[in-house]
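In: Fold the following, please.
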Amino acid sequence: MLLYYMDVSKLDFNKLQGSVSSERLKKADRYFHQKDKQLSLGVEILLNHALGEMGIYDPIFDVDKYSKPYLKNYSDIHFNLSHSEEYVACAVSNSPVGVDIEYVDEVDLNVAERYFFGSEYEYILNNSNKKEAFFSLWVLKESYMKMTGLGFHLPLDEFSIEIDDEIKLIHKDNTVKLGLWNVCGGEYMLGICSKNKITEPILINLEDIENVNHEKIGETA
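Out: Predicted structure coming up:
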């Protein structure tokens with residue numbers, strides 16, 4: 001498994017021409033704000049970097065009936081993407097995987113009370129850092145929902161997450177592995193769900209990708 005995250009706040013697309021698909025370009029162009037364009041482009045740039053680490057340079061992307069993206073030409077490779085504020089994240093694995101990154105912001109606990117499992121709401125109330133507790137559960141829950149491929153078609157209160165000495169999922173007979181990290185100086189929570197072994201997240205430097213892309217352009221010029 002590869003688990004990467006990256007700051008895209010200084011993304012200059014002029015330095016990364018040819019690094020994303022035409023479909024991603026069209027999608028990014030629909031956004032009005034520069035930040036949203038950077039996130040949309042950055043998440044695929046990071047994914048292509050991860051795929052390149054695996055020797056995959058010709059990805060063909062598509063989406064399933066629940067709008068989860070997948071590789072049409074590499075059915076044995078699974079990936080998932082996420083972004084929030086200034087950071088993007090991606091996970092690539094040989095089994096279904098889900099990842100979520102969230103900026104730790106102010107929260108409305110009514111959301112947790114209404115949509116979370118009862119024990120999860122109690123966990124937040126009993127935690128001294130309620131914002132961190134909320135987003136810890138949120139990224140773990142969303143990573144599981146994304147891993148299943150159902151997304152929000154799977155209700156938030158249909159399963160529960162227990163955070164203690166280890167992290168457990170309680171939902172039918174599902175046995176998955178969950179990972180949780182506080183990253184970017186504590187400003188973001190990063191969660192992942194997989195059926196296989198989980199690796200530590202690696203921070204990728206955008207400048208390194210830009211430099212590699214620049215070298216490739218120079219080679220073909």
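
In: Just the buried positions in stretch 179-189, please.
Out: Neighbour-count burial for stretch 179-189, with 16 or more other C-beta atoms under 10 Å as criterion, is recorded at 179-181, 184, 188-189. Glycine gets a C-beta too; all of them are placed from N, C-alpha and C.

In: ok, which stretches of this structure are helices?
Out: When secondary structure is read from DSSP state H, the chain shows helices at 22-29, 34-53, 109-115, 118-125, 130-148, 206-220.

In: circling back: farthest-separated two in the buried residues of stretch 179-189?
Out: Every pair in these was compared (C-beta to C-beta); the two farthest apart turn out to be Gly179 and Cys184, at 16.0 Å.

In: picking that back up, ok, of the buried residues of stretch 179-189, which one's closest to Ser9?
Out: Cys184 (11.2 Å).

In: Settle this for me: that closest one is touching Val88, isn't it.
Out: No: with contacts counted by C-beta atoms under 8 Å, Cys184 stays clear of Val88, the gap being 11.8 Å.

In: spatially speaking, which residue is in the middle of this structure?
Out: Centroid check for the chain by C-alpha atoms, centre = their mean gives Ser82 as the closest residue, at 3.0 Å.

In: Of the helices of the chain, which stretch is the most buried?
Out: Greatest average neighbour count among the helices of the chain goes to helix 130-148 (a mean of 23), per mean count of other C-beta atoms under 10 Å.

In: the bottom helix or strand of the chain by mean pLDDT?
Out: Lowest mean confidence among the helices and strands of the chain (mean pLDDT, DSSP states H and E): helix 206-220, at a mean of 65.

In: so of the buried residues of stretch 179-189, which ones are in strands?
Out: Applying DSSP state E to these, the entries found in strands are 179-181, 188-189.

In: Switch these over to JSON lines, and while doing so, append distance to Glu23 and pLDDT to every line.
Out: Rendered in JSON lines, the data for these read as follows (distance: C-beta to C-beta, whole Å; pLDDT from 0 to 100):
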{"residue": "Gly179", "distance to Glu23": "30", "pLDDT": "97"}
{"residue": "Leu180", "distance to Glu23": "32", "pLDDT": "98"}
{"residue": "Trp181", "distance to Glu23": "30", "pLDDT": "98"}
{"residue": "Tyr188", "distance to Glu23": "27", "pLDDT": "98"}
{"residue": "Met189", "distance to Glu23": "29", "pLDDT": "98"}
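
In: Of these, which is the nearest to Val92?
Out: Closest approach to Val92 among those (C-beta to C-beta): Gly179, at 14.5 Å.

In: residues contacting Gly151?
Out: Residues counted as contacts of Gly151 (C-beta atoms under 8 Å, 6 or more residues apart in numbering) are 66-68, 145.

In: and with 7 Å instead?
Out: 66, 68, 145 (C-beta atoms under 7 Å, 6 or more residues apart in numbering).

In: quick one: which of those residues is nearest Tyr57?
Out: Of all the contacts of Gly151, Tyr57 sits closest to Lys68, with 22.5 Å by C-beta to C-beta.
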